[in-house]
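**Q** Sequence and computational prediction follow.
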Amino acid sequence: MPSRPAAKSLATSLLFLSAVLASLSCAAQEPRIDPARIRAHVEFLASDAVEGRMAGTRGYDVAARYVASQLAQLGARPAGDGGTWFQTVNLLQATPALAAGRARIAHGDELTDLALNDDFLPRAYYAEGPTEITAPATFVGHAIRAPELGYDDFAGVQLAGRIAVVLGGAPPTFPPDQRAHYSHSSTKFRALIERGAVGAVFFDTPQNEKRFPWARFLQMSWQPSMRWVDAKGEPFNSFPNLRGRFALSRPGATKLFAGAPQTLEQVFASSDAGRAQAFELPVQLTLSSTTQLTRMSSENVVGVIEGSDPALKNEYIVFTAHLDHLGTGKPVAGDAIYNGAFDNATGIGVMLEAARYFAELKRKPRRSLLFLAVTAEEQGLLGSEYFARQPTVPRGSIVANINMDMPLALTDLADLIAFGAEHSSLGDVTARAVRAEGMSISPDPIPEEVIFVRSDQYSFVKEGIPAVYLDMGTKSRAPGVDGSALSEQFLKERYHMPADDVSQSIHYESLAALARINARIGLEVGNARERPKWNEGDFFGDLFGGSQGNARSSAKQ
């Protein structure tokens, strides 16, 4: 018989062994996230066979049916229109006839014709045929009124019947949340229309030009624009009152501001300092453009894995990833297929593997999991916006959104960026899920890019639904590898280019880690007693109505 201390030691050892065995048993029961399966999804979805997955094309339809078949194999049930896997999104495509664009400045009797491509580009207008407008011009800074910041670009000027000349983005002095919201084009367009503007001309700050040079803008000018169409056949958020919409290069803006009350350098300095600014320009503008309209449709793919609780299974956590990319377009180095491997075949692959996790989980979460592959994200978050406003499940039943978009797993990474986590109780859930993977959360390295409003989670935020979007960070585990440099190189050389294909380095183990983290977030939210909540005083929670956002935002728009 062992002594008492020895017995105590033995008992402790047995308890430890029991805990280890229990842990191993749980681990054995937990479904395995497999990098090889993610790779298989990416290699198909980014192959030339699906022709770049442009919304409304044959290639996109092939990709959508692939995703639906994968969800069906997992045992999910279809949750689209009429019990199908698909929610139809009717679209209006607008393609500017670039060669038909004209822009003329009248400064008294002096006329200056701007040069197409060098000085300006016409942007899409959602009316068929030629449009021409002549009106006086007013510079309105960033076209922002933010009363909570004491900022108003519209103070002291009248815009009725005038063309607004607008700086893109928002002042760099703005807090990140306001900077994101007020930078959004629809926010600016709505503000201009409310004040009676009849046209809008945009140009960029030097900081924005560094990130997206005019040459790159020209390179992408072939890409058409789209809007989703409502039950009356009207394009949503098309802003028909703004009949002239043009983009100016720096040389074009310089010509427009010749003889203005302030020089461009003074305008940029005021923007950098966060000073509101507006003044009338001593010119009239004539803007002419022609747009070709095409009506088409594309589909969101919708599947549900049902929850285990008799009551809570009627609430849904929505996982999103956009399925579309840019299709085929202007050739670059002889390649015209914009495959979109990182953008966003990887996101779809991560979402499908997270769906597999839940399908194989013996004890399902109490709430249901809805998996949504959305269309037309590249055209302005159209598929997610359509679903968020017209969901195929009861509007008030959606408790959270977990989004996956272009996770740049360019090397073995140790960190992630959690866009939106700080706005709601999803922040704590996300932090626990990331720690469990042995990773860390890093702050947004490029807040000026306002990524929070540029991916599909924002469609749900606008409906008052807490959301989080996890992206890969830049801290490499590989010795001597600069993750930030890799990311910058991708954005410069491959983003929205044919070179974003499967020939580049993709670290699938990092993508598997992301899938596990997203699954853990869904698991905790799915089993929680309460829905996620906006944080007290949160900018987006207050702006879009918090728990009442579903009703309020629809009423507002």
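**A** Perfect, I can see it now. Residues are numbered from 1 along each chain as shown.
**Q** And G274, how far from V166?
**A** For G274, the distance to V166 (C-beta to C-beta, to the nearest Å) stands at 17 Å. (Glycine included, C-beta is placed from N, CA and C.)
**Q** So for the two, which sits in the more crowded spot?
**A** The neighbour comparison of G274 against V166 (other C-beta atoms under 10 Å) goes to V166, with 25 against 13.
**Q** Determine the three-state secondary structure at the closest residue in space to the more buried one that isn't next to it in sequence.
**A** Leaving aside its sequence neighbours, V166 sits nearest to A143 (C-beta to C-beta, 6 or more residues apart in numbering; 4.5 Å). Local secondary structure at A143 is given as coil here, using DSSP: H, G, I helix; E, B strand; the rest coil.
**Q** where exactly do the strands run in the stretch 401-550 of the chain?
**A** Along the stretch 401-550 of the chain, the stretches classed as strands by DSSP state E, counting those that start in this stretch are 415-419, 440-441, 467-472.
**Q** Pick the most buried one from the ones you listed.
**A** Compared across these, strand 467-472 shows the largest average neighbour count, a mean of 26 (mean count of other C-beta atoms under 10 Å).
**Q** partners of that strand in the sheet?
**A** Sheet pairing for strand 467-472, assigned by DSSP bridges, gives strand 398-403 (parallel), strand 415-419 (antiparallel).
**Q** what about the ones you listed, which gets the closest to V283?
**A** Of all the strands paired with strand 467-472, it is strand 415-419 that lies closest to V283, at 40.5 Å by C-beta to C-beta.
**Q** So, low pLDDT: which residues of the stretch 1-150 of the chain?
**A** 1-28 (pLDDT under 70).
**Q** Can you check what pLDDT the model gives D456?
**A** Looking at D456, its pLDDT is 97.
**Q** Grab the nearest non-local neighbour of it.
**A** Nearest to D456 is S384, by C-beta to C-beta, 6+ apart, at 3.7 Å.
**Q** and the angle from the host helix or strand of the one you found to strand 467-472?
**A** If you go by DSSP states H and E, S384 is part of helix 382-389. Inter-element angle recorded for helix 382-389 and strand 467-472: 150 degrees (by axes from the mean of the first three to the mean of the last three C-alpha atoms, to 10 degrees).
**Q** Can I get the strands of the stretch 401-550 of the chain in a markdown table including mean pLDDT and distance to D113?
**A** Compiled in a markdown table, these are given as follows (pLDDT from 0 to 100; distance: least, C-beta to C-beta, whole Å):
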| stretch | mean pLDDT | distance to D113 |
| --- | --- | --- |
| strand 415-419 | 96 | 43 |
| strand 440-441 | 97 | 52 |
| strand 467-472 | 96 | 44 |
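**Q** Mind putting the ones you listed into JSON lines with distance to R531?
**A** Output for the strands of the stretch 401-550 of the chain, formatted as JSON lines (distance: least, C-beta to C-beta, whole Å):
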{"stretch": "strand 415-419", "distance to R531": "19"}
{"stretch": "strand 440-441", "distance to R531": "23"}
{"stretch": "strand 467-472", "distance to R531": "13"}
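**Q** Show me the domain layout of the protein.
**A** 34-73+306-528, 94-293 (automatic domain parsing).
**Q** How far does stretch 74-82 sit from its chain's centre?
**A** Relative to its parent chain, stretch 74-82 has a centroid offset of 25 Å by C-alpha atoms, centre = their mean, to the nearest Å.
**Q** Straight-line length of that stretch, end to end?
**A** 20 Å (C-alpha to C-alpha, to the nearest Å).
**Q** Please report the distance of R32 from R356.
**A** From R32 to R356 the distance is 9 Å (C-beta to C-beta).
**Q** Of the two, give the one with the bigger neighbour count.
**A** A direct count of neighbours by other C-beta under 10 Å for R32 and R356 places R356 higher, at 25 against 13.
**Q** Is it correct that that one falls within a helix?
**A** Yes: per three-state DSSP, R356 lies within a helix segment.
**Q** Spatially nearest residue to it (excluding sequence neighbours)?
**A** Per C-beta to C-beta, 6+ apart, closest to R356 is L74, 5.7 Å.
**Q** and of the strands of the stretch 401-550 of the chain, who's closest to W534?
**A** strand 467-472 (10.6 Å).
**Q** what does the closest one contact?
**A** If you take C-beta atoms under 8 Å, 6 or more residues apart in numbering as the criterion, strand 467-472 is touched by 400-410, 413, 415-421, 424, 426-427, 430, 451-452, 455-458, 460-461, 510, 514, 517-518, 521.
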